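Peer 1: Requesting a structural model of the entry that follows:
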Amino acid sequence: QVQLVESGGGLVQAGGSLRLSCAASGTIFELDGMGWYRQTPGKQRELVASITLTGSTNYADSVKGRFTISRDNRKNTMYLQMNSLKPEDTAVYYCNAEATFYTNLGTRRGDFWGQGTQVTVSS
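Peer 2: Modelled structure (predicted):
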């Protein structure tokens with residue numbers, strides 16, 4: 001299986017910056033597409049940014065020009081650099097990854113989520 005652990009969340013003032021990390025571990029054969037999602041109470045989880053294995057990126061309109069997604073395939077880690085933060089960025093941020101992993105019977109493919117990290121932006 002694959003485990004994802006987010007870190008880097010916290011409390012920051014509007015206009016500030018945070019860098020989130022998502023470290024993947026387990027019996028990983030290959031991490032494919034990865035992404036950051038966020039969710040606030042009473043709302044659906046929404047895509048913030050995604051990145052393919054080869055580094056192609058996609059961003060929600062609300063974060064374009066402020067957030068940057070990246071990954072280090074050697075470390076099985078993904079990052080989200082968040083600049084010019086706004087109060088409306090406040091949410092729990094989740095890491096997601098599509099991965100191929102080893103099992104006793106060979107390899108399988110799955111979709112995995114981290115436990116989430118809270119980001120709070122004060123005005």
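Peer 1: Okay, strands next: where are they in the protein?
Peer 2: Here the chain has its strands, by DSSP state E, at 2-7, 10-13, 18-26, 28-39, 46-51, 57-59, 67-72, 77-82, 91-103, 106-113, 117-122.
Peer 1: Let me know the outermost residue of this structure.
Peer 2: The outermost residue of the chain, judged against the average C-alpha position, is residue 105 (29.4 Å), by CA atoms, centre = their mean.
Peer 1: So what's the predicted local confidence for that residue?
Peer 2: Residue 105 carries a pLDDT value of 92.
Peer 1: now swap in residue 33 and tell me
Peer 2: Residue 33 carries a pLDDT value of 97.
Peer 1: One more: residue 84?
Peer 2: In this model, residue 84 carries a pLDDT of 98.
Peer 1: for it, what are its contacts?
Peer 2: For residue 84, the contact set (CB atoms under 8 Å, 6 or more residues apart in numbering) comprises 15, 17, 66. No exception for glycine: its C-beta is placed from N, CA and C like everyone else's.
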